[in-house]
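**Student:** sequence plus the predicted model coming up.
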Amino acid sequence: MLSFEEIKSSLEHAGQSHVLQFWSELSGDDKNTFLVELSQLDLNELREHCERAAESAKAYHSATAADQQIEPVSSEFIGSIRKSDHTALTGWENEGFFQISQNRVAVLLLAGGQGTRLGVSYPKGMYNVGLPSSKTLYQIQAERICKIQELANAKHGSKCTVPWYIMTSEFTLDPTKKFFQENKYFGLDPSDVVMFEQRMIPAVTFDGKVILQDKGKIAMAPDGNGGLYRALVDNKVLENMEERGVEYLHVYCVDNILVKMADPIFIGFCVSKGADCGAKVVEKAYPAEPVGVVCKVKGVYQVVEYSELRPETAEQRDPGGELVYSAGNICNHFFTRPFLNEVAQKFQGKLKQHVALKKVPFVDREGNLVKPTKPNGIKMEKFVFDVFQFSRKFVAFEVLREEEFSPLKNADGAPLDTPTTARQSLLAQHYRWAMAAGASFLDAQGKSLPPRPRVTRDEYLPAVCEISPLVSFFGEGLEQLLGQKVLTTPFLLDENRAKELLQAQ
Ligand SMILES: CC(=O)N[C@H]1[C@@H](OP(=O)(O)OP(=O)(O)OC[C@H]2O[C@@H](n3ccc(=O)[nH]c3=O)[C@H](O)[C@@H]2O)O[C@H](CO)[C@@H](O)[C@@H]1O
């Protein structure tokens, strides 16, 4: 820990001496806590950070939009589930399973966000969207890892591991760790779940002053999901991957209830194409949908984030009436370990800083706590996809929204991306799987329910059917369990029920 004098002089040097303006009013304990916090700041970079933030704030409104010199990616460039034949899909899947069975594949969860829009005080992964099983997002994801290992083992006679790397932040590390411990890591080996923390950076006023959220506390925020690359270095995560022989990473965000972790088709597609970097996309649903778009900027593949895409660009349509910028980013990325190494060594300091203007509570000069009603602060964030530009071979892969994308962003009451839409998406998918396996449903009074094999989350679901990932990941293996079965809604297929169904045959 640095001494008070050292910190004082560094803050003066950075033009931030106001940070200590209430020092004399703090208790001994508060002084200590504050010194610890200040010692952890990168004081050498503080001046540059504050100056850059102030410049960004000035440039924010006058800036040439990030989406200038933007071109759509051609549809031929994008690999696609919909447009590929059975042979191609099976080939990629086999390749993916082979790599998994050889311990070359890991998944990496971005879980450092604060989930402000959802409005919960705990990590989003701990959210229970109200499924019959009451499973949380973390549990669903953990069980998918168990299952993918089992499927790869069954195919290749292996005993493989898919390590789970989880990037957390100061907000999410402790509760996430505790939650996993309390739940015995949902059946995974704790040594294969590697949690690490991203850095936090100070929020700054429009004129470049660090914001005090309390007399002895700076307003800090995680450095964006692109903080991943620095966090990989800080926490020696790439070394851990190398020791385990991991070559391919599937990086994903916490809130998509349909995420296909370590998806063998996606991994196999990227590996077969010799890609070092890849992204899954879905067709954008409507122009203002809050998803980034995969496109080219100045000839280089990139994602332009929804917050930086002008409405007039988002609304452009081709002569057939389709959105021109329709390749919606679902925050599912593929990276090779060598590519991540290169990014970590050469490029992570060069990643673009994105500016978000936020309402940041602060203490004024008199020491009163103020909750601003309009934005007063700047939070700088890096984005995980900003490394695509450094890729030698980038590929995009289009998947089906109803099978793979239903994010939880907003609290119930909002029209989309809520606990209700997430729950409905999963239940609709599981109902379709049961139908495809040959099941039919009765209501609680024993009356037969009309089949709707192609139902989606936006339609009326005739029956409630939830299938544990420990029983089936992709809908596989259900004919044997559910074929010709008449099931009563609500129906929960967990491992015990699966055993009973097998024994009854
Ligand atoms: C920058 C980014 O990736 N944007 C994507 C993100 O947008 P969106 O704005 O929804 O991004 P979120 O804020 O939800 O963050 C995405 C993920 O990154 C994590 N996180 C966020 C901030 C942070 O400092 N640390 C951290 O780990 C979150 O926990 C989450 O798992 O998902 C959308 C799909 O749902 C995509 O269309 C957007 O292009």
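**Tutor:** Okay, I see it.
**Student:** please make it C-alpha for all contacts and neighbour counts, starting now.
**Tutor:** Will do.
**Student:** residues contacting the residue in the stretch 351-500 of the chain that the ligand sits nearest to?
**Tutor:** Using Cα to the nearest ligand atom, the closest approach of the stretch 351-500 of the chain to the ligand is made by Phe383 at 4.4 Å. Neighbouring residues of Phe383 by Cα atoms under 8 Å, 6 or more residues apart in numbering: Gly224, Asn225, Gly226, Gly227, Lys352, Gln353, His354.
**Student:** for the ligand, tell me which of those residues show up nearby.
**Tutor:** Gly224, Asn225 (Cα under 6 Å from any ligand atom).
**Student:** mind putting the contacts of Phe383 in TSV, secondary structure and pLDDT included?
**Tutor:** Converted to TSV, the contacts of Phe383 look like this (DSSP: H, G, I helix; E, B strand; the rest coil; pLDDT from 0 to 100):
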residue	secondary structure	pLDDT
Gly224	coil	96
Asn225	helix	98
Gly226	helix	97
Gly227	helix	97
Lys352	coil	90
Gln353	coil	90
His354	strand	92
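**Student:** give me the buried subset of the contacts of Phe383.
**Tutor:** For the contacts of Phe383, burial is judged from neighbour counts taken by 16 or more other Cα atoms under 10 Å, and it is met by Gly224, Asn225, Gly226, Gly227, Gln353, His354.
**Student:** relative to Tyr229, how far out is Lys346?
**Tutor:** Summarising the geometry, the distance separating Lys346 from Tyr229, computed by Cα to Cα, to the nearest Å, is 11 Å.
**Student:** between these two, which has more neighbouring residues?
**Tutor:** Relative neighbour count places Tyr229 above the other of Lys346 and Tyr229, with 24 against 11, counting by other Cα atoms under 10 Å.
**Student:** separation between the more buried one and the ligand?
**Tutor:** Distance of Tyr229 to the ligand, given as Cα to the nearest ligand atom, to the nearest Å: 11 Å.
**Student:** so for that residue, what's the pLDDT?
**Tutor:** The model reports Tyr229 with a pLDDT of 97.
**Student:** surely it and Gly349 touch.
**Tutor:** No - contact status for Tyr229 versus Gly349: not in contact, 9.1 Å apart, counting by Cα atoms under 8 Å.
**Student:** give me the common contacts of those two.
**Tutor:** By Cα under 8 Å, 6+ apart, no residue touches both Tyr229 and Gly349.
**Student:** what's the neighbour count on the closest residue to Phe22 other than its chain neighbours?
**Tutor:** In space, and not counting its chain neighbours, Phe22 is closest to Lys215: 5.6 Å by Cα to Cα, 6 or more residues apart in numbering. Counted by other Cα under 10 Å, the residues lying close to Lys215 total 23.
**Student:** quick check: phi and psi at Lys215.
**Tutor:** Dihedral angles phi and psi of Lys215 (degrees, to the nearest 10) take the values phi -60, psi -30.
**Student:** quick check: it vs the ligand, distance?
**Tutor:** Using Cα to the nearest ligand atom, one obtains 25 Å as the distance from Lys215 to the ligand.
**Student:** so what pLDDT did that residue get?
**Tutor:** Lys215 is assigned a predicted lDDT (pLDDT) of 96.
**Student:** just checking, it touches Gly367?
**Tutor:** Yes - proximity of Lys215 to Gly367 meets the contact threshold set by Cα under 8 Å, at 6.8 Å.
**Student:** show me what contacts Val293?
**Tutor:** Remark: with contacts taken as Cα under 8 Å, 6+ apart, Val293 is in contact with Val303, Val304, Glu305, Tyr306, Tyr325, Ser326, Ala327, Gly328, Asn329.
**Student:** ok, now Phe385?
**Tutor:** The neighbours of Phe385, taking Cα under 8 Å, 6+ apart as the test, are Gly226, Gln302, Val303.
**Student:** equivalent analysis for Gln484, please.
**Tutor:** Gly438, Ala439, Ser440.
**Student:** if we go to 6 Å?
**Tutor:** Contacts here follow Cα atoms under 6 Å, 6 or more residues apart in numbering; on that basis Gln484 touches Gly438, Ala439.
**Student:** does it count as helix, strand or coil?
**Tutor:** Taking DSSP: H, G, I helix; E, B strand; the rest coil as the rule, one finds Gln484 in the coil state.
**Student:** which strand residues bridge the closest residue to Pro72 other than its chain neighbours?
**Tutor:** The shortest distance from Pro72 to any residue other than its chain neighbours is 4.8 Å, reached at Cys295 (Cα to Cα, 6+ apart). Per DSSP bridges, the residues bridged to Cys295 are Pro72, Gln302.
**Student:** domain-wise, how is the protein divided?
**Tutor:** What the record gives for the chain is the domain set 4-60, 70-404, 426-503, from automatic domain parsing.
**Student:** off-centre distance for the second one?
**Tutor:** Distance, stretch centre to chain centre, for domain 70-404: 4 Å (Cα atoms, centre = their mean, to the nearest Å).
**Student:** what about it, how long is it end to end?
**Tutor:** From the first residue to the last, domain 70-404 extends over 27 Å; the measure is Cα to Cα.
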